[in-house]
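> coords please:
(chains A and B)
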Amino acid sequence: GQNIDQPTEMTATEGAIVQINCTYQTSGFNGLFWYQQHAGEAPTFLSYNVLDGLEEKGRFSSFLSRSKGYSYLLLKELQMKDSASYLCAVAGVDSGYSTLTFGKGTMLLVSP
Amino acid sequence: GAGVSQSPRYKVAKRGQDVALRCDPISGHVSLFWYQQALGQGPEFLTYFQNEAQLDKSGLPSDRFFAERPEGSVSTLKIQRTQQEDSAVYLCASSLGTDEAFFGQGTRLTVV
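Numbers count the residues shown, from 1 in each chain, chains lettered A, B, ... in the order given. Below you'll find the predicted structure:
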């Protein structure tokens, strides 16, 4: 089975940098995803890591350490529109087939 | 279609009523997932299909929940004798395998 932990909520100021951590325990590993979900909307894809290291995409970066079962999402130059829930999801293999398991999400509130 | 489509977007059901929620995945996507998302929580896994085969239904909360995908494309999640605790957003996602999952807008079910 899979177990994913991330903080429930975080607050930050416009223009600042915030790091959202995710730890996981999984059987099999086929990559880790970060999704952004605004209230009342579907989750949207942000990033995918399957190898160790940092993936940068504009203001957002995602890091993975497979040996530590750890990832983080780094958001730079925060904007008010970044206020949303950020979901960590792990692709694993369970009983011979692929699974995608989500954490409970981290609610980020960006204030002026 | 271009994305995952779910219908209806909103459903109000009286307690005890049966409901059926529909998901049209992206054409060609083998994997289909159903999630239940309570207010302020991350998506909770309900069930998983690989083509028409339901490989995992361990997340279905009770035997009142039933899902099918008879031809390996459209899927229906049925809830019998709805209860107030069934009120949530039901998300459908599809993917080619263990890669990025694309989510529908969800169906918000309110049981009164």
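> tally of neighbours for the closest residue to B:Ser5 other than its chain neighbours?
With Cβ to Cβ, 6 or more residues apart in numbering or on different chains as the measure, B:Asp24 is the residue that lies nearest to B:Ser5, at 4.2 Å, once sequence neighbours are left out. (Each C-beta comes from the backbone N, C-alpha and C, glycine too.) The tally of other residues near B:Asp24 (other Cβ atoms under 10 Å in any protein chain shown) stands at 17.
> go on, A:Ala89?
27.
> tell me how far it lies from chain B.
Distance check for A:Ala89 against chain B: by Cβ to the nearest Cβ, to the nearest Å, it reads 8 Å.
> if the residue most central in space within chain B is in a bridge, with which residues?
Within chain B, the residue whose C-alpha comes closest to the C-alpha centroid is B:Trp34; the distance, by Cα atoms, centre = their mean, is 3.7 Å. Beta-bridge partners of B:Trp34, counted by DSSP bridges, are B:Thr47, B:Cys92.
> over to A:Tyr72?
On DSSP bridges, the residues paired with A:Tyr72 through beta bridges are A:Asn21, A:Phe63.
> near chain B, which residues of chain A are found?
Applying Cβ under 8 Å from any Cβ of the partner chain, one finds that chain A approaches chain B through A:30-31, A:33, A:35, A:41-45, A:48, A:85, A:87, A:89, A:91-95, A:97-105, A:107.
> so which elements touch the top strand by length along chain A?
Criterion DSSP state E: the longest strand present in chain A is strand A:84-94. Under the contact definition 3 or more Cβ pairs under 8 Å, 6 or more residues apart in numbering or on different chains; DSSP states H and E, strand A:84-94 sits against strand A:3-5, strand A:18-25, strand A:32-37, strand A:70-75, strand A:97-102, strand A:106-111.
> now those as TSV including mean neighbour count, mean pLDDT and distance to A:Phe60?
Below are the helices and strands packed on strand A:84-94 laid out as TSV (neighbours: other Cβ atoms under 10 Å in any protein chain shown; pLDDT from 0 to 100; distance: least, Cβ to Cβ, whole Å):
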stretch	mean neighbour count	mean pLDDT	distance to A:Phe60
strand A:3-5	15	90	19
strand A:18-25	18	96	10
strand A:32-37	23	94	8
strand A:70-75	20	98	6
strand A:97-102	22	73	18
strand A:106-111	17	95	12
